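Undergrad: Requesting a structural model of the entry that follows:
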Amino acid sequence: MAINIEIIPYNAFPCNHKVFKINGIDADKNDFGYMEDVDLEHRPDYGCGDYKFIPYNFEEEDRKYELMSLKSKYGIDECEIYEIQCRLSDEFHVGCCSWCS
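TA: Sure thing, here's the model as predicted:
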């Protein structure tokens with residue numbers, strides 16, 4: 001069975017999602033990584049220079065338990081976890097944005 005990933009970002013808040021589901025289960029992108037502005041030098045007064053999703057490295061020893069927890073929580077395997085991280089990286093690479101005030 002193929003994994004079903006549904007991600008719908010907010011139009012006016014592109015760094016967050018109004019829908020994120022994995023196989024019909026409400027999901028949290030913070031289970032898979034975090035958002036960070038990777039270009040603080042070029043950010044506008046009220047926003048980000050290059051805001052994007054940074055996937056966790058589940059190869060690190062202190063993240064192995066989290067990896068196992070995700071498998072159980074969402075009913076997915078390790079390859080699917082990396083597929084989800086890639087999708088989140090694609091969907092939540094906002095770039096330069098000045099929506100925040």
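Undergrad: just the strands in this protein please.
TA: With strands called from DSSP state E, the chain shows them at 5-9, 17-22, 25-26, 33-37, 48-55, 93-97.
Undergrad: Please identify the buried residues of the fifth one?
TA: Residues of strand 48-55 classed as buried under the neighbour-count rule (16 or more other CB atoms under 10 Å) are Cys48, Asp50, Tyr51, Lys52, Phe53, Pro55. In short, each C-beta sits where N, CA and C put it, glycine included.
Undergrad: what's the lowest-pLDDT member of those?
TA: Of all these, Cys48 carries the smallest pLDDT score, 82.
Undergrad: neighbours of the residue nearest to that one when sequence neighbours are not counted, just the number please.
TA: Residue nearest to Cys48 in three dimensions, not counting chain neighbours: Asp37, with 4.1 Å by CB to CB, 6 or more residues apart in numbering. As a burial measure, Asp37 scores 18 neighbours (other CB atoms under 10 Å).
Undergrad: same thing with Met68?
TA: When neighbours are counted by other CB under 10 Å, Met68 registers 12.
Undergrad: Okay, it and Gly95: tell me how far apart.
TA: 34 Å (CB to CB, to the nearest Å).
Undergrad: Kindly report the same for Asn11.
TA: Distance from Asn11 to Gly95, by CB to CB: 15 Å.
Undergrad: ok, the two, which is more surrounded?
TA: A count of neighbours by other CB under 10 Å puts Gly95 above the other of Asn11 and Gly95, at 11 against 8.
Undergrad: quick one: contacts for the more buried one?
TA: Gly95 sits next to Asp50, Tyr51, Lys52 when contact means CB atoms under 8 Å, 6 or more residues apart in numbering.
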